[in-house]
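1. Okay, predicted coordinates and the sequence, questions at the end:
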Amino acid sequence: MDLALPPSSKARPPSTIQRVWEYKTLLGSLIARDIKLQYRGAFLGLVWSLLNPVLLVLVYMVAFKFVLRFRLEHYALWLLTGLLHWQFFATAAITSTTALVGNANLIHNIHFPRIILPLAVVGSRGVHLLFSILAYLLLFVPLGGELWAGMLLYPLVLGLQILFVTGVALSISILTLYFRDLRHLLEVGIPMLFWLTPIIYNFAQIPEWAHLWFRLNPMVSFVISYQDLFYLHQVPDLANWGFMAFMAAGSLGLGFALFRRLKPRLEDYL
Amino acid sequence: MNRPRIELHGVGKQFTLRHDATTTLKDGILRLFSQRRFRDERETFWALRDVSLAVYDGEVVGILGANGAGKSTLLRIVAQTMTPTTGHVAVRGRVTPLLSLGLGFHPELTGRENIFNNTAFYGLTRAQTAAIYDDVVAFSELERFIDTPVKGYSTGMRMRLGFSIAVHLDPDILVIDEVLSAGDKDFRTKSRAKMLELLQSGKTVLLTSHNLAFIEQVCTKAFLLRKGVLEAQGPVAEVIARYRSSTPPAPVHPVPV
């Protein structure tokens, strides 16, 4: 792999955060555009972002509750809890493959912080998640959920997941420039990872010796925390927080490092 | 302050000619095992070599050179849409590259939405765009269609909107690659006049054109590139004379501005 870095061309460029802040209008505009486009002309509009998980839940109910006789109470609630947050990760990961590659023309002709493009992917998927969380909260009690104080920890877990997904989006968007088949790999790999995440089943059902292996999948710890907060009424244990913080920091660190290192030759590879 | 608006020191740009334009993960993995052989297949060439130059506030500079001399590469490096392989670049002020028109228009969005979205790429806030919005629409003559999706626009209409946005951005530095007018005959006249007005409004401008007469008319200074090397710079008349004398006769056919 030839990813050598040419010497830096500027003495002291403004930090990435400053640059992103300067272009916050662009970030907002791209997120708004994405959401507008998705729902413009669609008969059911926003309902789609809620209908999709609901339909999936129905199918899983048939397969696992009706046929395989899983004995998890309030199974629909269990499924939705993991599924919504999984979809945020999965769609952001797949969509970010085109964040840079799909905007080659703009990148070649206008100077703006390139990092805005993958950030906009996370932003628009994040807005979708918020919509579905609102619907989820409306369904929460009817589906058998009970409110309790621990749910106040939710923003903290979600925040960590957003950081994690941001790192993933940065890495994937820039690596796709060098490896165009990354998208195909993800289209196969992410659905595979789904089955290795305790969304349909409970992490406790996994034999103990395999727990650490499953934990290598970053989404496992996040999903466990959501289930703790919304379903099991317990505060996620320390190990779980540790895994989440580690995955968030690691992913973000890797994403920024890759982006910084590969950015100087980004235009040449488009 | 008399520091140059644009400064290049020893700027070089090397391109790798990849015969197979994209890499795949498979190639990457193969390459890990046989690094040598794959790398040897690559060819490189320098589009620019050791270019040092300075452009001061208010100068309108034309870049001359045959096709492939590195004009566009130089413009892209100044516009910061390309990173040089060697050397240093300093650009002071907001640069607006006009390298092509109507970029990033989304067909499903209306003209209005596209204006706001497009200017955001150039770093304008919504308030800044709102301030120029009426002028952009009026100049493009698209008032009736501005709230309809751009997918229904003709190519000419799209060019008019793109041009109109471009000339209303009000940057400190303009970088123009042959984009000097757009649209049908009437709009061409109008846009050419607007471009001239812009070029004479005291902004710092770097432009290329195959139309030497036009360059001679609007530029105060010129750079001559040959095979990526800065061969001459100075007052526009001198550099053009030198370019003419060193170029085989009659390659310069007039291109409408």
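-> Everything's here; your move.
2. Sheet-wise, list the partners of the strand or helix carrying residue B:231 with their directions.
-> For residue B:231, the host element (DSSP states H and E) is strand B:229-235. Neighbouring strands of strand B:229-235 in its sheet, by DSSP bridges, are strand B:221-226 (antiparallel).
3. What's the mean pLDDT across the partner strand?
-> For strand B:221-226, the mean pLDDT works out to 92.
4. Distance of the nearest residue to residue A:225 once chain neighbours are set aside relative to residue B:74?
-> Closest residue to residue A:225 apart from its sequence neighbours, by C-beta to C-beta, 6 or more residues apart in numbering or on different chains: residue A:236 at 4.2 Å. Any C-beta I mention is one placed from the backbone N, CA and C, and that applies to glycine too. From residue A:236 across to residue B:74, the span is 56 Å (C-beta to C-beta, to the nearest Å).
5. Touching, residue A:127 and residue A:30? I think so.
-> No: with contact defined as C-beta atoms under 8 Å, residue A:127 does not count as touching residue A:30 (11.4 Å).
6. Please say which of those two ends up with more neighbours.
-> residue A:30 (23 against 15; other C-beta atoms under 10 Å in any protein chain shown).
7. Need the per-residue pLDDT for that one.
-> So, for residue A:30, pLDDT stands at 94.
8. Within the helices and strands, which one has it?
-> Residue A:30 belongs to helix A:24-39 when assigned by DSSP H and E.
9. Pretty sure residue B:80 sits in a helix.
-> No: with DSSP: H, G, I helix; E, B strand; the rest coil as the criterion, residue B:80 is assigned coil and is not in a helix.
10. Over to it: give its phi and psi.
-> phi 60, psi 30 (degrees, to the nearest 10).
11. need the contact list for it.
-> Contact analysis of residue B:80 by C-beta atoms under 8 Å, 6 or more residues apart in numbering or on different chains lists A:111, B:89, B:91, B:95.
12. Name all residues that make contact with the nearest residue to residue A:143 once chain neighbours are set aside.
-> Ranked by C-beta to C-beta, 6+ apart and with sequence neighbours excluded, the top spatial neighbour of residue A:143 is residue A:77, at 4.2 Å. By C-beta under 8 Å, 6+ apart, the contact set of residue A:77 is A:139, A:140, A:143, A:144, A:145, A:230, A:231.
13. and with 6 Å instead?
-> A:143, A:144, A:145 (C-beta atoms under 6 Å, 6 or more residues apart in numbering or on different chains).
14. Check residue B:198 too.
-> By C-beta under 6 Å, 6+ apart, the contact set of residue B:198 is residue B:167.
15. What of the one 5 residues further on?
-> Listed by C-beta under 6 Å, 6+ apart, the contact partners of residue B:203 are residue B:174.
16. The chain: helices as residue ranges?
-> Here I'm looking at chain A. All helices of chain A, identified by DSSP state H, fall at A:16-22, A:24-39, A:47-60, A:75-95, A:97-101, A:104-109, A:116-140, A:154-178, A:182-195, A:211-215, A:218-227, A:238-262, A:266-269.
17. You answered for a different chain; I wanted chain B.
-> B:25-33, B:35-40, B:71-78, B:111-121, B:126-140, B:155-167, B:185-199, B:212-218, B:236-246.
18. With mean pLDDT added, can I get these in CSV?
-> Formatted as CSV, the helices of chain B follow (pLDDT from 0 to 100):
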stretch, mean pLDDT
helix B:25-33, 67
helix B:35-40, 51
helix B:71-78, 91
helix B:111-121, 93
helix B:126-140, 94
helix B:155-167, 89
helix B:185-199, 86
helix B:212-218, 88
helix B:236-246, 88
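19. How about residue A:65: what's its closest non-neighbour residue?
-> Using C-beta to C-beta, 6+ apart, the nearest residue to residue A:65 is residue A:75, at 5.0 Å.
20. quick one, what contacts the most centrally placed residue in chain A?
-> Closest residue to the average C-alpha location of chain A: residue A:89 at 2.1 Å, with C-alpha atoms, centre = their mean. Residues in contact with residue A:89, defined by C-beta under 6 Å, 6+ apart, are A:165, A:219.
21. Okay, it and residue A:101: tell me how far apart.
-> Residue A:89 is 20 Å from residue A:101, by C-beta to C-beta.
22. Kindly report the same for residue B:136.
-> Taking C-beta to C-beta, one finds residue B:136 at 30 Å from residue A:101.
23. The two: who's more crowded?
-> residue B:136 (24 against 20).
24. and the gap between the more buried one and chain A?
-> 16 Å (C-beta to the nearest C-beta, to the nearest Å).
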